[in-house]
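Visitor: quick one: sequence plus predicted model below, questions after.
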Amino acid sequence: MIYFTIMGIFANYFIRINLTTMPTLKISFFLLVLLFMQRSLYAQDKLNIKFGKVKPEDFEVKSQLIDSGTNAVVVAHLGKTTFVANTNELTFSLVYVEKKRIKVINKNGFDAATITIPLYVSDNKSEKLEDLDAYTYNIENGKVVETKVEKSSVFTEKHSKNWTYKKFTFPALKEGSIIEYSYEVKSDFFFNLQPWTFQGEYPVLWSQYEAAIPEFYKYVTLSQGHQPFFINKVYTTQTSFSFVEHVEREITARNQVGSALNKFSIEGAIDYHTWVMKDVPALKEEAFTTTLRNAVAKTEFQLNQIVFPRSMPQNYMDSWEKVAKDLMLDEKFGLQIDRANNWLDNEVNDIVKTVTIPKEKAQKIFEYVRDNFTHNNINGIYITTTLKDVFKNKNGSVADINMLLIAMLKNQKIDANPVILSTRDHGFTHEIYPLIGRYNYVVAKIAIDNKDLYMDATARKLSFGRLPSKVYNGQAREISKNQAVPLYFMSDSLKESGMTTVIISNLEKGGVEGILTHNFGVYESLNLRNKMTKTLPDDFKKSLQQQYPEEIAIDHIQIDSLKLLNEPVGLKFDLKFKSFVDDDIVYFNPMLGEAIKKNPFTAAERFYPVEMPYTIDDMYILSMEIPKGYKVDELPKSVRLNLNEDEGMFEYLVSSDKNHLQMRCRLQLTRATYLNEDYQNLRDFYTFVIKKEAEHIVFKKIK
Amino acid sequence: MKLIFFIFSICISGLTKAQEYNALFIPDSLRKGADVVKRSEEYILTIKTSSKYTVYEKHVYTILNAAASHYADYITHYDKFCSINSVSGKLFNMMGKEIKHSKKSDWKDYSAYDGFSLLSDARYKENEFYSAQYPYTVEYEEEDDHNGTQSFPAWVPQGSPAMSVQYSRFTIIAPASYKIRYRQLNFKTAPVITQKGDVKTYIWEIKNIPARKSELSAPSFIEITPAVFFAPSKFEVQGYAGDMSTWEEYGKFIYQLIKGRDVLPDEVKRKVHELTGHITGDREKVFLLYDFLQKNTRYISIQLGIGGWQPFEAAYVAEKKYGDCKALSNYMIALLKEAGIKGKYVEIYAGKSPPPFVDDFSFSQFNHVISCVPLDKDTLWLECTSQTVSPGYMGSFTGNRKALLIDETGGHLVHTPVYKVSDNLQVRRVKGVADDQGNLSAEITNTYTSLQQDFPHSLMYDASKEERDKYLNQMFYLPTYQVIKNNYKEHRGIIPSVDEHLQILINNYATITGKRLFIAANLFGGGADKPLPDTARQYDYIIKDPYRDIDSVEIKIPLGYKPESLPKDIFLETKFGKYASKVKVLDDRIIYYRLMEQNSGRFPPKEYNELVNFYQQVYKADRSRVVLVKAE
């Protein structure tokens, strides 16, 4: 459990960091060796294919990654980004070239033949697609036949304001076809150096990305995933970029204006990076995964600084302190909560008028925002409009609503700060670099009586002082003036406790009846509360009845504290038994309808860690009068089982005397995340739990 | 009297929006069982010329609870045939006070990507309102221009069972000479028709429709709720003129769109002759050409302009080797034609649950195209978008429904083949061994035919091996298990079948407690919903597809156990179906037999509890356990 023990190790484990801005002497020293290696590697390393030239033997693709389940395989995927000087405009552009060869193995791999190329469009600039070449290759009578994707078959879809898609599909596609395409995109959005994803839906035999980055542009390179690099190298050369400036000059004699050309060049070092992964297996979707984003093998770039010779460096990535400072000065973030916001006075004073101490005030304000504002399902850390508008419209993004909450708390002199974080489905944040793009959520933090309290007013029906489980995703940052303090929200620290009590007693007229009481944990309570806003009581009863065996009918369902959000929900109902009247033998499962019947871990194998939202502690207690006229013939054995010593526990205790039967069953998982190596143990643990919970008590009629 | 009338009318017209939209004024009869109330609705369809019309619409919903919050969103589609002139929305609180008016920037514009088309020109605009306090009211108003009169919106005041309707009106304004056609469903009142000069006005209106119960296996909603469909007689679309008054005429219009688009390149012609030249039987020729189509084309949907109605030319498919349903069917017909066989273009509504077809009202009730070949004895139906389905088999995708055959003489309505009980079989044989821990290792050999093979067929072809493994390891309602091996074999035919062989290991399938062993002889008994009686059933219960399942199971158990409790043998025969189950223990083997035969039919509400009773007995018997006790 590297992830949970020390966050520093976690960072090293998942994310390897290179600062490409530091080409050390060591690297230059190895330059010759690397250059030599490059050649020999290419020769040995079987990227012996040539784009645009497909030979009959190329159709024989061999790899241990290809099995009967492989539908398509990416034979080669190459990408290259270079910086070019726009001689006349005095600017640089990025040129990105991508080449891909795919072998389609069967019909299920036909999806690989439909390609979408997204192009970024801004107000007056747009990325341009150039030199798109795409061919399908088939073998017919021993010869390679090529079919071109015509220009007219490439469609343009205006997907959204900022994105245009170029789409095409390969013609003459058959099982066994090779498809190949290459294109170039010229982009002025140089701060957005193309990231490279080594891993995808299909196995990739050779994935290579090259970037030639002039020293003026300094990027931080971030690599992640569970796959090793086959090549990861850099070498440096000197280059000069030429520019031609049109200079307007006054021609003094006639006082006229004319133009002249001023030619100049900029000298600098270029770092040539090469990253290669070989034989990358396909990504697999698995249950209990927060997001595959954390698992995919990927390298991306963050612009850190632009430094041209003889000019001041422009910083694009700052320290956390600077980021915090800037955020607090940003109209879309800190400025709006920092103001006096006197327009809130009347409203907020009205909300808190019945209470005096700060904690109670905070609670009133939180409840007001939670109950009156609707989250429009838009995440992000920036306020999308003005807080005044948010207040008026009673809805907004997560930032809109929680920043308003903060402004209202501050209005009552309660010290509140925003905490930025990334939700579980959005992937991990970065520990060291202030990569703001990785944060997609804001919650509020207050400190009262030396105790920290967190709030998310977008979480409908969540109790005061709790956060939804989706935010428990590791590192977060509390933002205040000049400070961004790291905080950790770990799912392992969340405990969901449930408690079920069943009392079964004898009826006067013979037979038995029972009462079941179930107290839910925080998140189960939340789920039930939200469910009940959309479910009719009758339908709820039906769904409960589904859970129970045929011989037990349930009735008189009561749900307590459905509206008291700070209390756990209590569910209570009566149980009516058909058995224990005239049966000679009764096989009685003491878990009634509460047993786990199906292993949640269905797959026999596991590739990524198991990530559950919280730890579990479920207790089930049964107290039963021995039915009149019956005796216990056989009781299940009492057992206790630990999972990996202390990562989980299952206890099943049962005992009886002449008149009474007691049973206690407890299931605990003390971790929310288990490594893939622990998967088998976890699955076996559940196998045992299910087996045990299926056991019966045998009652016999006394004759 | 006059005065009273006068005051009364002032009251009506003086009703402010706040009063009109006040949620407190909704009568209880409309609140009952409703998540949303349609407060008022107006459609005005104005036919301008034979090729142009406009639609004005206004919808007002009061949303009572979170289950209906999606009614606060409004989506409006547009494409080459339809442009949005104006669209706006307002949000009102419970008291009917306006709290928000949609701004232009609130309307998001999206490509209506359907998830499978390579490209479509369909787009939509969407506005969302949010409110945390229920009830609240939204009002949406829209005006569209339509280019082409091939289709009109339908009037279905009640959008879903949990919606009640206070008021809805549909008006058509058309030149007096224009022949509008309409068909009323579950709605008797004739429209009010007035004429002023050259303009004719038709008005349909309805008040106070209460919410309806949603019931399991009930008729489709459109069979129950009031609706009026509209269609043109003569119409024009993008330069093509047609007449929709009869199926025949409708078919002629479609024929005009496909005519002459069947020219094949010479090399494909040669291929056709090469394949079929030496064959004499037409049936065999069709099979060969269909196989050629399946091996050499794939389905790619492209929906652009009239392309939504007209197929790409056969030569296009021949070159690209892909096309949509229209293009591929047209190509198939061209291949057949080259071999001297007449194939037909067929419009149909594809999908597991097609809406009820209105036979006597001709307009496009289709979403798919297939082809067919009428032969001497029967007709061969060909699904041209699938690379795997058997020639002649339609399955639940296009079987048992109305379809329109199109040829030079026009359109002809036919019914596609119905699959009977004896066609839809599932025969499973289980041979297993339970060890002394209760673990069961079993070989399962299954055969599925016709509709029952649709699913294994797609597991075999449409799922990747990984998806199949994943699915097989989740689909059974067993505690912890692993499908160690799976194998499939298909037998193609008009009634196709799939053989499935599974090797499965189930942990602790039998529960062993002390001296007893509990085991369910039916391995497939879990999972299904428990049927619950309903004394107030309102609608018919419909079983569409009949089937027959036969299971035989043999489980070897550890030595030394004697039966203590055995489920009783059961045989049930009802109008709904037949069921039988038998268990016996022979030495160390449990032998089990099960038969379930489901009849298709439409059963009235009064028979519902009888039906539930049948299913309850089945449910109970399917879950019954054998209890064995160790001989001492």
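Guide: Good, I have the coordinates.
Visitor: what comes up buried for the biggest strand by length in chain A?
Guide: In chain A, taking DSSP state E as the definition, the longest strand is strand A:256-280. Across strand A:256-280, burial judged by 16 or more other C-beta atoms under 10 Å in any protein chain shown covers A:266, A:268, A:270-278, A:280. (Each C-beta comes from the backbone N, C-alpha and C, glycine too.)
Visitor: so which of the residues you listed comes closest to A:Lys361?
Guide: Relative to A:Lys361, the closest of the buried residues of strand A:256-280 is A:Trp275; by C-beta to C-beta it sits at 54.1 Å.
Visitor: the closest residue to the closest one other than its chain neighbours: what's it in contact with?
Guide: Counting by C-beta to C-beta, 6 or more residues apart in numbering or on different chains, A:Tyr209 is the residue found nearest to A:Trp275 once chain neighbours are left out, at 4.9 Å. For A:Tyr209, the contact set (C-beta atoms under 8 Å, 6 or more residues apart in numbering or on different chains) comprises A:78-81, A:196, A:198, A:273-276, A:299.
Visitor: each with direction, which strands does the helix or strand that contains A:Tyr209 pair with?
Guide: Following DSSP states H and E, one finds A:Tyr209 within strand A:204-214. Strand A:204-214 has these partner strands in its sheet, going by DSSP bridges: strand A:72-86 (parallel), strand A:256-280 (antiparallel).
Visitor: lowest mean pLDDT across the ones you listed, which one is that?
Guide: In terms of average pLDDT, strand A:256-280 trails the rest of the strands paired with strand A:204-214, at a mean of 84.
Visitor: contacts only, for whichever residue of chain A sits closest to chain B.
Guide: Proximity of chain A to chain B (C-beta to the nearest C-beta) peaks at A:Gly69, 3.0 Å away. Applying C-beta under 8 Å, 6+ apart to A:Gly69 gives the contacts B:464-466, B:469.
Visitor: relative to chain A, which of those residues is nearest.
Guide: Nearest to chain A out of these is B:Lys465 (C-beta to the nearest C-beta; 3.0 Å).
Visitor: what's the neighbour count on the closest one?
Guide: By other C-beta atoms under 10 Å in any protein chain shown, the residues close to B:Lys465 number 15.
Visitor: spatially nearest residue to it (excluding sequence neighbours)?
Guide: That would be A:Gly69: by C-beta to C-beta, 6+ apart, it lies 3.0 Å from B:Lys465.
Visitor: where does the one you found land in three-state SS?
Guide: Here A:Gly69 is coil, with the state taken from DSSP: H, G, I helix; E, B strand; the rest coil.
Visitor: now B:Gly493: how far from B:Met460?
Guide: According to C-beta to C-beta, to the nearest Å, B:Gly493 and B:Met460 sit 15 Å apart.
Visitor: quick one: which of the two has more around it?
Guide: It is B:Met460, of B:Gly493 and B:Met460, that has more neighbours when counted by other C-beta under 10 Å, with 18 against 13.
Visitor: contacts for the host helix or strand of the more buried one?
Guide: B:Met460 is part of helix B:454-461 when elements are defined by DSSP H and E. Applying C-beta under 8 Å, 6+ apart, the contact partners of helix B:454-461 are A:107, B:387-389, B:395-397, B:446, B:448, B:468, B:471-472, B:488, B:490, B:496, B:498, B:500.
Visitor: give me the number of residues near B:Lys200?
Guide: Going by other C-beta under 10 Å, the residues that sit close to B:Lys200 add up to 18.
Visitor: nearest to B:Lys52, of the strands paired with strand A:204-214?
Guide: Going by C-beta to C-beta, the one of the strands paired with strand A:204-214 nearest B:Lys52 is strand A:72-86, 47.4 Å.
Visitor: let me know the next secondary structure element after that closest one.
Guide: Next helix or strand after strand A:72-86 toward the C-terminus (DSSP H and E): strand A:91-104.
Visitor: ok so, going back, so which of the strands paired with strand A:204-214 comes closest to A:Glu551?
Guide: If you check each of the strands paired with strand A:204-214 against A:Glu551 by C-beta to C-beta, strand A:72-86 wins as the nearest, at 52.6 Å.
Visitor: quick one: buried residues of the helix holding B:Met460?
Guide: So, applying 16+ other C-beta under 10 Å, buried residues of helix B:454-461: B:454, B:456-457, B:459-461.
Visitor: picking up where we left off before, now the angle from the longest strand of chain A to strand A:91-104?
Guide: Here the directions of strand A:256-280 and strand A:91-104 differ by 30 degrees (axes from the mean of the first three to the mean of the last three C-alpha atoms, to 10 degrees).
Visitor: strand A:256-280: what's the following helix or strand?
Guide: Using DSSP H and E, the helix or strand that directly follows strand A:256-280 along the chain is strand A:298-306.
Visitor: show me what the helix or strand following that next one is packed up against.
Guide: Sequence-wise, the next helix or strand downstream of strand A:298-306 (DSSP H and E) is strand A:314-315. Secondary-structure packing of strand A:314-315 (3 or more C-beta pairs under 8 Å, 6 or more residues apart in numbering or on different chains; DSSP states H and E): strand A:298-306.
Visitor: which residues in the stretch 451-600 of chain A form strands?
Guide: A:451-455, A:474-480, A:483-489, A:495-506, A:512-519, A:552-560, A:570-577, A:585-588 (DSSP state E, counting those that start in this stretch).
Visitor: winner for burial among those?
Guide: strand A:474-480 (a mean of 22; mean count of other C-beta atoms under 10 Å in any protein chain shown).
Visitor: could you give the angle of it to strand A:451-455?
Guide: Interaxial angle of strand A:474-480 relative to strand A:451-455 (the same axes, to 10 degrees): 100 degrees.
Visitor: who's in contact with strand A:474-480?
Guide: Residues outside strand A:474-480 that contact it (C-beta under 8 Å, 6+ apart): A:3, A:7, A:10, A:320, A:324, A:327-328, A:333-334, A:417-422, A:428-431, A:439, A:445, A:484-490.
Visitor: ok, that strand: who's next to it in the sheet?
Guide: Here strand A:474-480 has these sheet partners by DSSP bridges: strand A:416-421 (antiparallel), strand A:483-489 (antiparallel).
Visitor: any regions of the stretch 101-250 of chain B where pLDDT drops low?
Guide: For the stretch 101-250 of chain B, the stretches with pLDDT under 70 are B:112-119.
Visitor: what does it put close to chain A?
Guide: With the criterion set to C-beta under 8 Å from any C-beta of the partner chain, the stretch 101-250 of chain B comes near chain A through B:109-111, B:118-119, B:128-133.
Visitor: chain A: which of those residues is nearest?
Guide: Closest to chain A, out of all of these and judged by C-beta to the nearest C-beta, is B:Tyr130, at 3.5 Å.
Visitor: in a helix, that closest one, correct?
Guide: No: the assignment for B:Tyr130, made by three-state DSSP, is coil rather than a helix.
Visitor: what helix or strand is A:Lys359 on?
Guide: Using DSSP H and E, A:Lys359 falls within helix A:358-372.
Visitor: packing partners of the following helix or strand past that helix?
Guide: In the C-terminal direction, the helix or strand that comes right after helix A:358-372 (DSSP H and E) is strand A:374-375. Packing partners of strand A:374-375 (3+ C-beta pairs under 8 Å, 6+ apart): strand A:395-396.
Visitor: is any residue of the strand it packs on near chain B?
Guide: Yes: for strand A:395-396, a contact with chain B is found by C-beta under 8 Å from any C-beta, at A:Asn395.
Visitor: hmm, who's touching that strand?
Guide: Contacts of strand A:395-396 (C-beta under 8 Å, 6+ apart): A:373-376, A:378, A:384-385, A:390, A:401, A:404, B:129-132.
Visitor: just give me the closest of those to B:Lys32.
Guide: Nearest to B:Lys32 among the contacts of strand A:395-396: B:Ser131, at 22.4 Å, using C-beta to C-beta.
Visitor: among the residues of the stretch 101-250 of chain B next to chain A, which pair sits farthest apart?
Guide: Using C-beta to C-beta, these span at most 44.2 Å, a distance reached by B:Leu118 and B:Gln133.
Visitor: phi, psi of B:Ala315?
Guide: With angles defined as degrees, to the nearest 10, B:Ala315 sits at phi -60, psi -30.
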